[in-house]
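In: Please find the sequence and the predicted model below.
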Amino acid sequence: MKMIRLLMIGCCFSLGVCLMGYAEEDYLLRVEMRGYEKVPEENPEEKLLHSIEVVTRLNQRFHGKSQSGRYAQTINGKLIRKEGKFAVQLEYLQTVDLGYVPDVFGNPQLGETGIKISNHECQLDKVYFIGGSETESQTNSCPLVRSRLHIYLQVTRYVPQEAFKAPDDSQPIVP
């Protein structure tokens, strides 16, 4: 009799935990790097350079990593809700392998662009500019070249059915 009661209590507890887990909402956090690199034109067109997405829940840490060719992106942080607004604690880093230019230990050098640690208040479905850089450079015999790297953040509700649709890369999140 005690065994049956314990078994029923265990089943009810497990069911409750499972239902609570499904009741939490999932959110999709997207970070985009847009701009242009080393372009000699006066007014170059800004384009999507890199992006990364992670699915997370409130008050839980998230981590994501993506690698494509010489480029790698990592994203870490936590999505929280305070006073009815969302806040993202975020660390984003995009690295590029500059080729084999070894350091003193024989490791290749990496170029880094990103946001080390930041806190951003945000609303769902809105795009926020969170950082970036603009540079101009010129060497003796070369023309002036410009670079612009802007980083944007967007948080939306995660809808699994939409995640499996083919993405339309011609439509960036930044208008």
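Out: Noted; the coordinates are in hand.
In: Now do the buried residues in the host helix or strand of residue 94.
Out: Secondary structure from DSSP states H and E places residue 94 in strand 85-97. Across strand 85-97, burial judged by 16 or more other C-beta atoms under 10 Å covers 86-88, 90, 92-96. In short, each C-beta sits where N, CA and C put it, glycine included.
In: Likewise for stretch 129-146?
Out: Quick answer for stretch 129-146 (16+ other C-beta under 10 Å): 130-131, 145-146.
In: Need the distance between the two termini of it.
Out: Start-to-end span of stretch 129-146 (C-alpha to C-alpha, to the nearest Å) is 20 Å.
In: can you check stretch 64-73 too?
Out: With C-alpha to C-alpha as the measure, stretch 64-73 spans 8 Å from end to end.
In: Likewise for stretch 113-129?
Out: One end of stretch 113-129 sits 15 Å from the other (C-alpha to C-alpha).
In: quick one: contacts of it?
Out: By C-beta atoms under 8 Å, 6 or more residues apart in numbering, the residues outside stretch 113-129 that reach it are 33, 85-96, 130-131, 133, 149-157, 173-175.
In: where exactly do the strands run in the protein?
Out: In the chain, the strands defined using DSSP state E lie at 26-39, 47-57, 61-68, 71-82, 85-97, 110-122, 127-137, 145-157.
In: Nice, that's everything, thank you.
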